[in-house]
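Novice: Provided below are the primary sequence and the corresponding predicted coordinates.
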Amino acid sequence: MKVITLLVIFLFSSFAANSDLKLKYFTNNSYTLVITKKIGTFQVNDFCQKNSACKALQIAKGKPFKIQPTKAPFLGNPAANYCWDTGAKNRILKDEKNNEYDYCVFDDGSMIDAWNLYNTHHGSK
Amino acid sequence: MPRITSQDGLGICYAHVAATMMQAENCRYLKKNCAQLPESELFSPLDLSRIHRPEDGGEISTSRSSYQGLYIEGGDAHDVAIIGALATRKSANEECLSLDRILSKMNTRGETVESQTQLWSRLKQQYDQAKKDAKAQSGCDECVNNVYTTAAEKNISEVEKNLNIKVDNVKLAKAFANETFSKFLDDLLGASACRKPSQMVYFENADNLKYDRYPSEGQNPSLDDMAKKVKEVLGTGRPVALANICLGNEDAKSCKPEHLHAVVIAGYREICKKNNPKDCRHAFKVVNSWGKSWQDEFEGGWVDAKTLIAHTKVEPNVFGWFADKK
């Protein structure tokens, strides 16, 4: 994908750590608070801090998944789309300033930042 | 600059660009800190995606209700900015209509893209059938109402399950009674429910603004020309919308429409080598609709301008921005 190439040759390559983030997650018709932190290089929710066998970390540390082309006639956000390729759902979470983050949400309740996972598996730069 | 948004897997970068442009201009005019606005003061990209083009390709209307429903297969960021800011001059706010809530129950990638397209298609067929049945019953108001009620009962399950829209039979029947499918979708998607003044964000300075474009027909600008123009506009305190970024494998000049992306340019830098101050390159600060993490990864969105333009299908009017009329 050329999108990867485009990302690779952009300037300023250091990954800015998100560290602790307090995010709003809309689920079951209301917002709940989700706190995400860095475990190693992975930005994951507190579920993984309590349970290192969480799916988000297992998937992140495992082999990359193939990026599935979408049949839809547009591209969207590649990291958001990649969540679905790994078996997770993509969800948009918001910080206190209403900035939006894409997180891959696994069926055990664990979450990982979508770009963090995408770049881990497919390289950002 | 306004908050950083995500378009998820949908083809609505154009609406996010328009929302960011409108938000930035409102903040500039109202002298507000754009990074600290509550949801009630944020333009909803999802609502702006409804006005991706004038109804039936005709004249631009100032009425939001006359535009198309949710459109997730790409659109023109400049058109939406022009229509949203200078014609309808408002959108639903993020508190009333937000993508994170709409998407919260969608369970497969397919449901967010391909299957939704099929869902719209099925709903259109159901709507057309209901209108046909209602026409056959014309003259009998009760019979017509029964047609819409039956259509609602038949479709409510799918609407609730696949669109994550809370609706009851009465509301859905009322939606079926709309005179066009566009208005049916408006009702269904909640856009029509976001019509109260308290659910709107207003574009404040519309009377005094125009929307400028670059380059004009016949111009063939160099990278330096484009960087100069971007720098000039940014100097007025306004960002620039850039369309036609090609994300496909093909050459940018022959980019397929479905591979085109749009972003906002909010900053400019000239970076020169320490050992050779004459060896410089341009960098743009891009506001992308791929979420805050993408933005953070590129130190706030700074990208090499030459690379960005090399991947852009440069044609007339590819850049756009709000400008004072005088």
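Specialist: Received the coordinates, thanks.
Novice: could you point out the longest strand in chain A?
Specialist: strand A:30-39 (DSSP state E).
Novice: give the pairing partners of that one; include direction for each.
Specialist: strand A:21-27 (antiparallel), strand A:42-45 (antiparallel) (DSSP bridges).
Novice: contacts for the last one next, please.
Specialist: Strand A:42-45 is touched from outside by A:17-18, A:21, A:34-37, A:48, A:54, A:56-57, A:60, A:103, A:109-113, A:116-117, A:120, B:293, with contacts defined as C-beta atoms under 8 Å, 6 or more residues apart in numbering or on different chains. Bear in mind the C-beta positions are built from the backbone N, C-alpha and C, glycine included.
Novice: ok now that strand, how far from the chain's centre?
Specialist: A distance of 8 Å separates the centroid of the chain from that of strand A:42-45, by C-alpha atoms, centre = their mean, to the nearest Å.
Novice: then it to CSV, C-alphas only?
Specialist: Coordinates of each C-alpha in strand A:42-45 appear next as CSV, following Å, rounded to 0.1, in the frame of the first residue of the first chain:
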residue,chain,number,x,y,z
PHE,A,42,2.2,-0.9,24.0
GLN,A,43,-0.5,1.6,24.9
VAL,A,44,-3.2,-0.6,26.5
ASN,A,45,-6.1,-0.3,28.8
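Novice: would a markdown table of the strands paired with strand A:30-39 with mean neighbour count and mean pLDDT be doable?
Specialist: Below are the strands paired with strand A:30-39 laid out as a markdown table (neighbours: other C-beta atoms under 10 Å in any protein chain shown; pLDDT from 0 to 100):
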| stretch | mean neighbour count | mean pLDDT |
| --- | --- | --- |
| strand A:21-27 | 18 | 94 |
| strand A:42-45 | 24 | 96 |
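Novice: out of those strands, which gets nearest to B:Trp321?
Specialist: For those, proximity to B:Trp321 was assessed by C-beta to C-beta; strand A:21-27 is nearest, at 31.8 Å.
Novice: if we can go back for a sec, what residues of the longest strand of chain A count as buried?
Specialist: Residues of strand A:30-39 classed as buried by neighbour count (16 or more other C-beta atoms under 10 Å in any protein chain shown): A:Tyr31, A:Val34, A:Thr36, A:Lys38, A:Ile39.
Novice: swap in stretch A:52-67?
Specialist: Buried residues in stretch A:52-67 (16+ other C-beta under 10 Å): A:Cys54, A:Lys55, A:Ala56, A:Leu57, A:Ile59, A:Ala60, A:Phe65, A:Ile67.
Novice: and the contacts of that stretch?
Specialist: A:1, A:39, A:42, A:44-45, A:47-48, A:78, A:81-82, A:85-88, A:104, A:106-112, A:116-117, A:120-122.
Novice: and those, which of them are buried?
Specialist: A:39, A:42, A:44-45, A:47-48, A:78, A:81-82, A:85-86, A:88, A:104, A:106, A:110-112, A:116-117, A:120-122.
Novice: which parts of the chain are helices?
Specialist: Chain wasn't specified; assuming chain A. A:2-8, A:46-50, A:55-61, A:78-85, A:114-122 (DSSP state H).
Novice: um, chain B though
Specialist: B:13-30, B:45-48, B:77-81, B:99-102, B:109-112, B:114-136, B:141-163, B:169-176, B:181-188, B:223-234, B:292-297, B:305-310.
Novice: just those helices: most buried one?
Specialist: helix B:45-48 (a mean of 30; mean count of other C-beta atoms under 10 Å in any protein chain shown).
Novice: so where's chain B shaky on pLDDT?
Specialist: B:52-74, B:104-120, B:162-165, B:182, B:189-192 (pLDDT under 70).
Novice: biggest strand in it, by residue count?
Specialist: strand B:260-273.
Novice: so that strand, near chain A or not?
Specialist: Yes: on the criterion C-beta under 8 Å from any C-beta of the partner chain, strand B:260-273 is in touch with chain A at B:His261, B:Ile271.
Novice: so is stretch B:201-210 next to chain A?
Specialist: No: Stretch B:201-210 lies out of reach of chain A by C-beta under 8 Å from any C-beta, never closer than 12.8 Å.
Novice: show me what counts as buried in that stretch.
Specialist: Those would be B:Val201, B:Phe203, B:Glu204, B:Ala206, B:Leu209, for stretch B:201-210 by 16+ other C-beta under 10 Å.
Novice: endpoints of that stretch, how far apart?
Specialist: Distance across stretch B:201-210, first residue to last, is 19 Å (C-alpha to C-alpha, to the nearest Å).
Novice: which residues are in contact with that stretch?
Specialist: Against stretch B:201-210 from outside (C-beta under 8 Å, 6+ apart): B:22, B:25-26, B:29-30, B:40-44, B:84-86, B:89-93, B:322-326.
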